[in-house]
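Visitor: got a structure for you, letters missing:
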Ligand code: GEM
Ligand code: ZN
């Protein structure tokens, strides 16, 4: 047998891979930080053998509760991923299968490769309404690409269009976030979709499908190549340590923001939910009402989204402004959400074969255009007209 991980987002440490029924592994920390949870590796020459993968340090990972009722994802062809039998005793996570092929891949969630990221940018740019903007480079010199999307022939003058920002994958191990962005983009540029066509008449969309390409390629869970958690950098990013945030934040200050979405994944809660900006000093009945109308429209149009489960609300004026959603909401007095998808499954609508998946993340991304349409006429305060 042989285990490898020297590929895009590959990450695992092999302790002992000599006995198929007792393959001993350790989940690797980020390259320059102590966060450990993401894994992605390949097993060869175990066809028809009873394999048990034992993740020896699962209990010491960043989010140990993330392993409760979690199931490892596997794939033979890297396109079709499925869940396998997994147990967790509070210390060791064990996943079992009998491979039906010579080669099989395992990961924390369905990976989203940098090559697919570049393909997404290229495919979107074929649409006449899409422009690629290069904001600059990451710590390891990968391009930070922004997609600017609007119908330039719209009757609405550009200066009156609403500016809608979507960023995804600040935390690179939350690969569902880029699947969400892919689904959002594909539907937004669908010229046969009346909702999308209306949105492109009234809005300018600014989309960053991957905020952390270096961390994604490295197989990091939570940090960029410099070991920085980008979602704690929004008050004072630096070109040296967090250029990814520095570049996007600078662009936002140039364009302005009328609505902001930040796509993430959550290790523990088996639900899709959002986190608002109720902890910011600028939070108001106007913004609270906007949040409620947006969430109600999303619940009504997409049963995979819900508002019954989520994080505890922040108390007034206690919000951490180093988080993207709070900084943007405070800076622009706008509607802003962190979107959370599960690494496990949606407990309200479970899928035994796949759990929560890339395809379901894409569908959720496509669904957000409905609540967007519901609130776009309210997004700008009269004083900003
Ligand atoms: C989260 S956003 C943090 C919000 N937490 C609460 N309790 N309001 C982060 O960056 O930690 C986003 C994520 O990583 O999923
Ligand atoms: Zn995150």
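Guide: Arrived safely, thanks for sending. For clarity, every value in this text was computed on a predicted model and none was experimentally measured. Ligands and ions are numbered 1, 2, ... in the order given.

Visitor: okay, and residue 363 sits in which element?
Guide: helix 358-367 (DSSP states H and E).

Visitor: also residue 375?
Guide: Short version: residue 375 belongs to helix 369-375, going by DSSP H and E.

Visitor: tell me which residues in that helix are buried?
Guide: The neighbour-count check on helix 369-375 (16 or more other CB atoms under 10 Å) flags 369, 371-375 as buried. The C-beta positions use only the backbone N, C-alpha and C, and glycine is treated the same way.

Visitor: so where is this protein shaky, pLDDT-wise?
Guide: 381-385 (pLDDT under 70).

Visitor: wait, residue 361 touches residue 340, no?
Guide: No: at 11.4 Å, residue 361 does not count as touching residue 340 under the criterion of CB atoms under 8 Å.

Visitor: neighbour count for the two, which is higher?
Guide: residue 361 (29 against 24; other CB atoms under 10 Å).

Visitor: separation between the closest residue to the more buried one other than its chain neighbours and residue 219?
Guide: Of all residues not flanking residue 361 in the chain, residue 179 sits nearest, at 3.8 Å (CB to CB, 6 or more residues apart in numbering). Taking CB to CB, to the nearest Å as the measure, residue 179 falls 17 Å from residue 219.

Visitor: which of the two has more residues huddled nearby?
Guide: Set residue 179 next to residue 219 and count neighbours by other CB under 10 Å: residue 179 wins out with 30 against 25.

Visitor: for ligand 1, what are the nearby residues on this protein?
Guide: 171, 231, 264, 266, 275, 311, 314, 323, 338, 340 (CB under 6 Å from any ligand atom).

Visitor: list buried residues within these.
Guide: Buried, going by 16+ other CB under 10 Å: 171, 231, 264, 266, 275, 314, 323, 338, 340, out of the residues of the chain next to ligand 1.

Visitor: from these, which ones fall inside strands?
Guide: Of these, the ones assigned to strands by DSSP state E are 264, 266, 275, 338, 340.

Visitor: and these, which is closest to ligand 1?
Guide: residue 264 (3.4 Å; CB to the nearest ligand atom).

Visitor: contacting residues for the closest one?
Guide: 170-171, 174, 177, 231, 338-341 (CB atoms under 8 Å, 6 or more residues apart in numbering).

Visitor: same thing but 10 Å
Guide: 167-171, 174, 176-177, 180, 231, 275, 324-325, 338-341 (CB atoms under 10 Å, 6 or more residues apart in numbering).

Visitor: filter these by proximity to ligand 2?
Guide: Among the contacts of residue 264, proximity to ligand 2 is found for 171, 174 (CB under 5 Å from the ion).

Visitor: residue contacts, the closest residue to ligand 1 within the stretch 101-250 of the chain?
Guide: Ligand 1 sits closest to residue 231 of the stretch 101-250 of the chain, with a gap of 3.8 Å, by CB to the nearest ligand atom. Shown in contact with residue 231 (CB under 10 Å, 6+ apart): 167, 170-171, 211-212, 222-223, 245, 262, 264, 320, 322-327, 338.

Visitor: residue 207 bridge partners, please.
Guide: residue 147, residue 166 (DSSP bridges).

Visitor: start at 29, not 1
Guide: Okay, using 29 as the starting number, the last item reads as residue 235.

Visitor: how many neighbours does it have?
Guide: Count around residue 235 with other CB under 10 Å applied: 23.
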